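What follows is a protein structure lacking sequence information:
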């Protein structure tokens, strides 16, 4: 079988989103099972795949030099508009059995819709990661979240009318989405993310240890702007707390975050690591006392599962994607920065009192996930 995988969300500069992480691993495993795979993507995807040593060919939509730095959200938005406008020139689906959209992101859905129109016999597999929610924290976040919400409603309408198979995460949030009226009569399936247990096992702790590691990158949806308020309270008891942020972020959010950290006297305590190769990320997790997640929305939440597999305690906001991890995570209510601070202090106290903390891996390997997913796809629409 031949798969055309659509992933336009990496833009000009790779963000290493969970969706891209997932589809790159799935494509790699599909190839190992003797199925042909090809991506439609951008230079951001090419660089991401190269950094992960994933050898899947990419049909690349070039991005103008003027937009190649992606210094702001506006730049990124313009890149998305550009790729959406140009993608029809790069779509030729005649030889493919399946088109696989990596997300419900607008350019991915439009590209898949065009492929389906070009070749009605092709089967469209559409992935939905999570439901966009309105955020009323301030005017900027509300306007941004409203735009995301409306765009998602538009893509869901297209998917519900033209998708051959809709794949949702096997989580409480995924099951809630499956019950929406627009998906009532569609072919649905529930999927998982995988974890690279072998690489985790072979990764050694980094030389320099951290007290706290925040994964997910400096992006607004990852809740990073809650961090200054949290650290302001943590520093009362732990003034020298060492904090790391791993993952790609937007320059504007990083500037705002740095200014807020300066305001609470914690800028020198926080180190930005950027988007790390998995082996380095796992080493960093293993050398950190606690991993924290401040995400306001997730599809699956792979970072917290990787943290558990690395044997780290993890504190997270209570969101639908994490409800199946009730017995493994330390939860606080969404946006409750005071409760998050108290939970972090309590865990740091436990380390200092040398109380044993036991955590165990949760999930399956990428090979197991891909084999199960492929069998389901072929059984449903193959």
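Thanks, I have the structure now. This is a predicted model, so every value here is computed, not measured.

in the helix or strand of the chain with the lowest mean pLDDT, what counts as buried?
Least confident element among the helices and strands of the chain, by mean pLDDT, DSSP states H and E: helix 73-86 (a mean of 84). Buried residues in helix 73-86, counted by 16 or more other C-beta atoms under 10 Å: 75-76, 78-80, 82-84. The way it works is simple: take the backbone N, C-alpha and C, and place the C-beta from them, glycine included.

So which other helices or strands are in contact with it?
Judged by 3 or more C-beta pairs under 8 Å, 6 or more residues apart in numbering; DSSP states H and E, helix 73-86 is in contact with helix 106-118.

Please enumerate the helices of the stretch 201-350 of the chain.
Chain-ordered helices for the stretch 201-350 of the chain, with DSSP state H, counting those that start in this stretch as the definition, fall at 227-237, 251-263, 278-286, 302-309, 337-352.

Nearest to residue 89, out of these?
helix 251-263 (30.0 Å; C-beta to C-beta).

Quick check: residue 194 touching residue 367?
Yes - using C-beta atoms under 8 Å as the test, residue 194 is close enough to residue 367 to be in contact (7.4 Å).

More neighbours: which of those two?
The residue with the greater number of neighbours, taking residue 194 and residue 367 and applying other C-beta atoms under 10 Å, is residue 194; the counts read 22 against 16.

Distance check, residue 185 against residue 322.
Distance, residue 185 to residue 322, using C-beta to C-beta, to the nearest Å: 30 Å.

neighbour-wise, which of these two wins?
Just comparing residue 185 and residue 322: by other C-beta under 10 Å the higher neighbour count belongs to residue 322, 24 against 8.

So that one sits against residue 329, correct?
Yes - A contact is recorded between residue 322 and residue 329 when judged using C-beta under 8 Å, the distance being 6.0 Å.

any shared contact partners between the two?
Shared contacts of residue 322 and residue 329, defined by C-beta atoms under 8 Å, 6 or more residues apart in numbering, comprise 304, 316.

how many other residues sit next to residue 133?
Close neighbours of residue 133, defined as other C-beta under 10 Å, add up to 15.

Check for me that it belongs to a strand.
No - remark: residue 133 does not belong to a strand; assigned using DSSP: H, G, I helix; E, B strand; the rest coil, it is coil.

can you give me the strands for the stretch 151-300 of the chain?
In the stretch 151-300 of the chain, the strands defined using DSSP state E, counting those that start in this stretch lie at 165-169, 188-191, 210-215, 243-246, 270-274, 288-293.

Can you give the strand pairings for the first one, parallel or anti for each?
This means strand 165-169. Within its sheet, and counting by DSSP bridges, strand 165-169 is paired with strand 123-128 (parallel), strand 188-191 (parallel).

Include mean neighbour count and distance to residue 91 when you put those into CSV, please.
What follows is those, written out as CSV (neighbours: other C-beta atoms under 10 Å; distance: least, C-beta to C-beta, whole Å):
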stretch, mean neighbour count, distance to residue 91
strand 123-128, 24, 13
strand 188-191, 18, 25
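
For those, give me JSON lines that also has mean pLDDT and distance to residue 137.
As requested, the strands paired with strand 165-169 are exported to JSON lines (pLDDT from 0 to 100; distance: least, C-beta to C-beta, whole Å):
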{"stretch": "strand 123-128", "mean pLDDT": "96", "distance to residue 137": "25"}
{"stretch": "strand 188-191", "mean pLDDT": "95", "distance to residue 137": "31"}
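
Mind checking those strands for the one nearest to residue 375?
Comparison of those against residue 375 by C-beta to C-beta identifies strand 188-191 as nearest, at 10.7 Å.

and residue 371, which of the strands of the stretch 151-300 of the chain is closest to it?
Each of those has some distance to residue 371 by C-beta to C-beta; the shortest is strand 188-191, at 12.1 Å.
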